[in-house]
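*Asks:* sequence and predicted structure below; questions after.
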Amino acid sequence: MPARARSVSVLTLVRHRDGHLRNLMRGLARQTVAPLELVIAWMQPEPAPDLPDPGCPVRHLHVPGEPMPLAAARNRAAEAAQGSRLIFLDVDCIPGPGLVAAYAGAEAEALLLGEVLYLPEGAVGASLDCEALDRAGRVHPAKPPIPETGLRPEPEARELWGLSFALPASAYRSVGGMDEGFSGYGGEETDFALRLAASGLPTFWIAGARAYHQHHPVHVPPLPHFESILRNATRFHARHGSWCMEYWLGQFREAGLIAWDAQATSIRRLRTPDPAEIAAARQPGTRLFS
């Protein structure tokens with residue numbers, strides 16, 4: 001039995017990613033240091049059956065809502081968690097064997113950002129061979145190198161992406177969690193990161209907390225999330241006076257869907273993508289990033 005990090009909870013959200021969740025749980029079972037618990041927030045009517053043993057107690061929550069209640073699900077999971085440090089791990093991510101130990105062992109009271117390698121379609125086998133996943137995985141081109149050891153300060157809190165991060169539970173509560181006014185896909189994580197930074201919580205990249213992002217189909221542009229991206233980007237701008245998701249907004253502009261630029265104070269919708277356009281934006285299995 002591995003040692004247990006009795007102050008650390010792992011939290012994940014699920015909607016129709018049952019196979020990916022099972023691999024996440026199999027990865028947790030192979031940690032060098034086990035977490036106190038795994039908290040699963042189900043954004044679907046029923047939990048998946050036949051889940052594997054992740055090597056720690058599992059707590060299940062039901063968080064309904066349309067569109068996907070990502071902010072609310074994170075908040076309900078954080079409220080239920082018993083650990084003093086929260087590790088948020090996206091359901092698409094398989095934790096490398098040292099992930100919990102790295103996050104749990106960091107002495108800094110901070111927002112901690114871990115490394116994520118993106119996997120091509122078919123890369124995950126039955127054995128969860130991490131050496132094979134290391135060879136197959138690719139770093140997102142927009143992300144900086146991870147420190148070889150310890151922590152490296154990150155002055156830009158916007159570097160938070162929701163795939164893998166950790167922070168004190170007290171810091172999560174102190175800013176009121178994620179803003180549930182963000183609904184559907186996009187924006188809530190960047191808003192959360194900026195509010196954490198404004199509270200004085202520093203951000204660090206952390207060595208050793210590697211995770212592997214399991215492949216799923218992506219759309220370029222991300223047209224299935226068109227409505228929520230516009231809505232959430234507008235909400236973000238109203239609060240912070242700047243834009244988030246600029247890359248995707250630029251893709252929408254180039255597709256003739258919106259009139260917008262980084263200096264704009266609003267987004268002008270020109271048209272809505274039609275079903276054929278959305279289908280055509282779906283990328284082949286070799287495409288790792290949106």
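*Replies:* Received the coordinates, thanks. On a predicted model such as this, the values are computed, not experimentally measured, just so you know.

*Asks:* now the strands for the stretch 151-290 of the chain?
*Replies:* Along the stretch 151-290 of the chain, counting by DSSP state E, counting those that start in this stretch, strands occupy 151-153, 164-168, 203-206, 211-213, 258-259, 268-269.

*Asks:* just the CA trace of the longest one, in CSV.
*Replies:* Right, strand 164-168. Output of strand 164-168 as CSV, limited to C-alpha atoms (Å, rounded to 0.1, in the frame of the first residue of the first chain):
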residue,chain,number,x,y,z
SER,A,164,-4.4,19.8,-13.8
PHE,A,165,-3.8,22.3,-10.9
ALA,A,166,-3.8,22.4,-7.1
LEU,A,167,-4.3,25.0,-4.4
PRO,A,168,-5.2,25.3,-0.7
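
*Asks:* tell me the strands beside it, with direction?
*Replies:* Applying DSSP bridges to the sheet, strand 164-168 is found paired with strand 85-89 (antiparallel), strand 111-113 (antiparallel).

*Asks:* mean pLDDT, mean neighbour count and distance to L13 added to the ones you listed, as a markdown table?
*Replies:* In short, each C-beta sits where N, CA and C put it, glycine included. Formatted as a markdown table, the strands paired with strand 164-168 follow (pLDDT from 0 to 100; neighbours: other Cβ atoms under 10 Å; distance: least, Cβ to Cβ, whole Å):
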| stretch | mean pLDDT | mean neighbour count | distance to L13 |
| --- | --- | --- | --- |
| strand 85-89 | 98 | 25 | 9 |
| strand 111-113 | 98 | 25 | 18 |
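
*Asks:* nearest to A73, out of the ones you listed?
*Replies:* Smallest distance to A73 across these (Cβ to Cβ): 10.6 Å, for strand 85-89.

*Asks:* quick revisit: what's the closest of the strands of the stretch 151-290 of the chain to L86?
*Replies:* For those, distance to L86 was read as Cβ to Cβ. The smallest value, 6.1 Å, belongs to strand 164-168.

*Asks:* neighbours around the nearest residue to A78 once chain neighbours are set aside, how many?
*Replies:* Excluding its sequence neighbours, the residue lying closest to A78 (Cβ to Cβ, 6 or more residues apart in numbering) is Y172, at 5.1 Å. By other Cβ atoms under 10 Å, the residues close to Y172 number 23.

*Asks:* what does the one 10 residues further on give?
*Replies:* By the criterion of other Cβ under 10 Å, F182 has 24 neighbours.

*Asks:* got the contact list for W205?
*Replies:* Contact partners of W205, counting by Cβ atoms under 8 Å, 6 or more residues apart in numbering, are 112-115, 144, 146-147, 151-152, 154, 159.

*Asks:* my bad, should have said Y118
*Replies:* Remark: with contacts taken as Cβ under 8 Å, 6+ apart, Y118 is in contact with 137-140, 213, 215, 288-289.

*Asks:* among the contacts of W205, who's most crowded?
*Replies:* Counting neighbours by other Cβ under 10 Å, the top entry in the contacts of W205 is L113, with 27 neighbours.

*Asks:* ok, now which ones touch it?
*Replies:* Shown in contact with L113 (Cβ under 8 Å, 6+ apart): 154, 159-161, 164-165, 203-206.

*Asks:* buried ones in stretch 217-228?
*Replies:* Buried residues in stretch 217-228, counted by 16 or more other Cβ atoms under 10 Å: 218-219, 221-228.

*Asks:* below-threshold pLDDT in this structure: ranges please.
*Replies:* Applying pLDDT under 70 to the chain flags the ranges 1-2.

*Asks:* show me the longest strand that occurs in it.
*Replies:* strand 3-14 (DSSP state E).

*Asks:* now do the buried residues in it.
*Replies:* Under the neighbour-count criterion of 16+ other Cβ under 10 Å, strand 3-14 has 4-5, 8-14 buried.

*Asks:* what is the nearest of these to L70?
*Replies:* Among these, L13 lies closest to L70 (Cβ to Cβ), at 6.5 Å.

*Asks:* pretty sure the closest one sits against Q44.
*Replies:* No. Distance between L13 and Q44: 10.2 Å, which falls outside the contact criterion (Cβ atoms under 8 Å).

*Asks:* in a markdown table: the strands paired with strand 164-168, plus distance to L270.
*Replies:* Shown next, in a markdown table, are the strands paired with strand 164-168 (distance: least, Cβ to Cβ, whole Å):
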| stretch | distance to L270 |
| --- | --- |
| strand 85-89 | 36 |
| strand 111-113 | 36 |
